[in-house]
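In: Just the structure for this:
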Amino acid sequence: MQRKILVVGGVAGGASLAARVRRLDEHAQVVIFERGPHPSYSNCCLPNFLSREIENSDDLVLMSPETFKKQYNIDVRVFNEVIKIMPESKTIEVKNLVSGEIYQESYDKLALAPGAKAIMPESIKGIGSRHVFSLKNVSDVRAIDDYIHANDVQNIVIVGGGFIGLEVMENLRRSGKSVTLVEAMNQVMEPLDFEMAQILHKTIVDNGVDLIVNDEVVAIDENSVTLKSGKTVPAELVVISVGVRPETALAEGCGIEIGETGGILVNQHYQTNYPDIYAVGDVIEVKHALTGKKTRLPLAGPAQMQARVAAGHMYGRFSRNSGVIGSLIVRIFDMNAAATGLNEKECQAENIDYRYAYVIPGDKVGLMPDAHPVFIKLIFEYPGGKILGAQVVGKGNISRRLDIIATAIHFNATVEDLQNIELSYAPFFSTAKDAVKYAALVAVNLQNEEFKQVPVTIVRDLVESGACIIDVREEDEFESSHLINAINIPLSQLRERMDEIPKDKPVYLYCRSSQRSYYAIRALQGNGYTNIYNIQGSFLGISFYEYYQDLITGRKPILTDYNFD
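Out: Predicted coordinates for the structure are as follows:
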């Protein structure tokens, strides 16, 4: 008997589910209903058209209805909106948006993948103006681009420092526009902890973007926006990117249960409370693998895997659903940032006892061209050592490092497991001890309480309180730049000058990236010192942490000069 599978929504989740059904069942009747003009477009690449990194917007459309039909024998109906679901009769009501015709289709299995819609805060006066846009699909990016060129737009304000906001910011700035990014929180990219986000803040302002944090847009006029602080910013075009909301109206209309996060409630097979109706992608809520709590994760990768599981279950295939950990990555000019699992803020919210290693090794052997530091923050459960999360920022190949740690989290690995993992090595690709292994080695030392450390976030307090701070870099490095009250005792002179270091009060050590200062701590411990601390991230981390905050507050720097090399 021929099965009839209907799919609502034709982008990542919907198109993937339909294609998987076809691979499992050559004879099924598969129909995708897409209310827009394009199925299967690359929504993650939309911002790149604004800089012409992707030259033609047509290239964003991955497959046409005709291609779906010819290659996969899937019937894709664009400009067809599903307006009602009738679970009792297993039928749907569809409106042809071109002709206005309303018709019904029966189904054996129904899959919902309508995605999420951009949030447009009604509290912002002028949010409905013609020069205010959101970015969710190909039509949106074309509308933004057309408006820019038709009106010779030069000044643009991006509202929101999440993924879409950052990517739109970058591409519009690359196209030569004057761009301001306004973020209501005190940092961009919420999955990063505060000190890691400061690296991105420096990158953003260094590339000519006016970055405004801890402020929000309250009104939009024809040529400007007004912020809560009272500041006015020129704006001939505004892009709103403050988050998305699941498209649940269709589901709610037929009695499908909605979860506590506002997404459709599904079981481990992505079935709704109606067994023949499935839901995947941005519209559903999922379980976080580490906390066990419900969350939402509007990312293309998880949507495609959910689609595969759901389609398989329609045909009696079962998969273990372990939940999500939220692995993500973004490029911001010449800097890349990635995160997976829990950050510090989330660990604190969940009352998890944790520690973390913050290291800045090289992404490859320093003799190689284009070698750069890579900033890694590895968070682990204490005392057990189970890996909870990681954040990686750098100019080099950070996706490799993040994905190694994400894989370790998936398999419930500890920092000791990560320390012992065997990784490939060649000088052009990594150091002999890869950056990930450096982070794991430091984490194991911290787990075993072999030394003590303090975070980069308290260094200003240490300096301003007159704490004893030792800089163990060589004299020429110290002369170039240092913390204003630091004492220079190079590692090469440490053993001869140890009597200059007090034992009766706390001593804080730093170098460029915490490696030499760690060696110094080991030497001091071997000579009876106990009240000594390594400053995480050392001078490189301090420079990035302090730079943007000094810039926006005008406060007195605690360094004689910044050093970002």
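In: got the contact list for Leu342?
Out: 290-291, 350, 352, 379, 388-389 (C-beta atoms under 8 Å, 6 or more residues apart in numbering). Heads up, the C-betas are built off the backbone N, CA and C, glycines and all.
In: Let me know the distance separating it from Ile199.
Out: The gap separating Leu342 from Ile199 is 20 Å, by C-beta to C-beta, to the nearest Å.
In: just Glu464 next, same as before
Out: Separation of Glu464 from Ile199 (C-beta to C-beta) stands at 23 Å.
In: again with Glu257
Out: 42 Å.
In: More neighbours: those two, which one.
Out: Neighbours per residue (other C-beta atoms under 10 Å) separate Glu257 from Ile199, with Ile199 holding more: 26 against 12.
In: just checking, that one touches Phe375?
Out: Yes: if you go by C-beta atoms under 8 Å, Ile199 and Phe375 touch, sitting 6.1 Å apart.
In: Give me the common contacts of those two.
Out: By C-beta under 8 Å, 6+ apart, the residues touching both Ile199 and Phe375 are 393, 544.
In: check contacts around Glu381.
Out: Counting by C-beta under 8 Å, 6+ apart, the residues that Glu381 touches are 352-354, 387-388.
In: Please list only the buried members of the residues you listed.
Out: Among these, those classed as buried by 16 or more other C-beta atoms under 10 Å are 352, 354, 387-388.
In: I'd like the residues you listed written out as TSV, with distance to Leu483 and pLDDT added.
Out: As requested, the buried ones among the contacts of Glu381 are exported to TSV (distance: C-beta to C-beta, whole Å; pLDDT from 0 to 100):
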residue	distance to Leu483	pLDDT
Ile352	32	97
Tyr354	28	97
Ile387	32	98
Leu388	31	98
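In: can you redo these as TSV with secondary structure and distance to His410?
Out: As requested, the buried ones among the contacts of Glu381 are exported to TSV (DSSP: H, G, I helix; E, B strand; the rest coil; distance: C-beta to C-beta, whole Å):
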residue	secondary structure	distance to His410
Ile352	coil	18
Tyr354	strand	18
Ile387	strand	10
Leu388	strand	13
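In: What does the pLDDT read for the closest residue to His372 other than its chain neighbours?
Out: For His372, ignoring the flanking residues on the chain, the nearest one in space by C-beta to C-beta, 6 or more residues apart in numbering is Lys395 at 4.2 Å. The score at Lys395 is 94. That number is its pLDDT.
In: Val132 now?
Out: 98.
In: tally of neighbours for it?
Out: 19.
In: who's in contact with it?
Out: 120, 126, 220, 237-240.
In: again, 7 Å this time
Out: Val132 makes contact with 220, 238, 240, according to C-beta atoms under 7 Å, 6 or more residues apart in numbering.
In: Over to Thr431?
Out: Thr431 neighbours (C-beta under 7 Å, 6+ apart): 361-362, 364-365.
In: Just the buried ones from the residues you listed, in PyMOL syntax?
Out: PyMOL command restricting the contacts of Thr431 to the buried ones, with burial defined by 16+ other C-beta under 10 Å:
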select buried, resi 361+362+364
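In: just curious, which of the contacts of Thr431 is nearest to Asp108?
Out: Among the contacts of Thr431, Lys364 lies closest to Asp108 (C-beta to C-beta), at 53.8 Å.
In: ok, the closest residue to the closest one other than its chain neighbours - contacts?
Out: Among residues not flanking Lys364 along the chain, Ala371 sits closest, at 4.9 Å (C-beta to C-beta, 6+ apart). Residues near Ala371 by C-beta under 7 Å, 6+ apart: 362-365.
In: Just flag the most distant two among those residues.
Out: Asp363 and Val365 (9.5 Å).
In: in the stretch 201-350 of the chain, which spans are helices?
Out: 249-253, 300-314, 344-349 (DSSP state H, counting those that start in this stretch).
In: Of those helices, which is nearest Asp476?
Out: Relative to Asp476, the nearest member of the helices of the stretch 201-350 of the chain by C-beta to C-beta is helix 344-349, separated by 35.4 Å.
In: Residues contacting whatever helix or strand comes next after the closest one, please?
Out: Per DSSP states H and E, the first helix or strand lying C-terminal to helix 344-349 is strand 354-359. Residues from elsewhere that reach strand 354-359 (C-beta under 7 Å, 6+ apart): 344, 347, 376-382, 388, 438-439, 442-443, 446-447, 514, 536-537, 541.
In: try stretch 455-475
Out: Contacts of stretch 455-475 (C-beta under 7 Å, 6+ apart): 195, 478, 482-492, 494, 501-502, 505-512, 516-517, 520, 535-537, 541-542, 545, 558.
In: Which members of these are classed as buried?
Out: Applying 16+ other C-beta under 10 Å to those flags 195, 478, 482-483, 486-491, 494, 501, 507-512, 516-517, 520, 535-537, 541-542, 545, 558 as buried.
In: Tell me which entries of the residues you listed lie within helices.
Out: Per DSSP state H, helices hold the following members of the buried ones among the contacts of stretch 455-475: 195, 478, 516-517, 520, 541-542, 545.
In: any idea which of those residues is closest to Val11?
Out: Distances from Val11 to those, taken by C-beta to C-beta, are shortest for Glu195, at 35.5 Å.
In: doesn't Tyr545 make contact with that closest one?
Out: Yes: counting by C-beta atoms under 7 Å, Glu195 does reach Tyr545; the two are 5.2 Å apart.
In: what helix or strand is Leu172 on?
Out: Applying DSSP H and E as the criterion places Leu172 in helix 163-174.
In: If you average the pLDDT over that helix, what comes out?
Out: For helix 163-174, mean pLDDT is 96.
In: now the stretch 351-500 of the chain, which segments are flagged as low pLDDT?
Out: Residue ranges of the stretch 351-500 of the chain with pLDDT under 70: none are present.
In: try 90 this time
Out: 363-366, 368-371, 396-397, 425, 427-428, 430-432 (pLDDT under 90).
In: just so I have it, where are all the strands in it?
Out: 354-359, 374-381, 387-394, 453-454, 468-471, 487-488 (DSSP state E, counting those that start in this stretch).
In: so which of the ones you listed gets nearest Ala19?
Out: In terms of C-beta to C-beta, the element of the strands of the stretch 351-500 of the chain nearest to Ala19 is strand 387-394, at 32.0 Å.
In: Output the contacting helices and strands for the closest one.
Out: helix 194-206, strand 335-341, strand 374-381, helix 398-410 (3 or more C-beta pairs under 7 Å, 6 or more residues apart in numbering; DSSP states H and E).
In: Export these to a markdown table and append columns for distance to Asn155.
Out: Formatted as a markdown table, those follow (distance: least, C-beta to C-beta, whole Å):
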| stretch | distance to Asn155 |
| --- | --- |
| helix 194-206 | 17 |
| strand 335-341 | 24 |
| strand 374-381 | 32 |
| helix 398-410 | 32 |
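In: on that earlier part again, biggest separation within the contacts of Thr431, which pair?
Out: Among the contacts of Thr431, the pair separated by the greatest distance (C-beta to C-beta) is Pro361 and Val365, at 10.7 Å.
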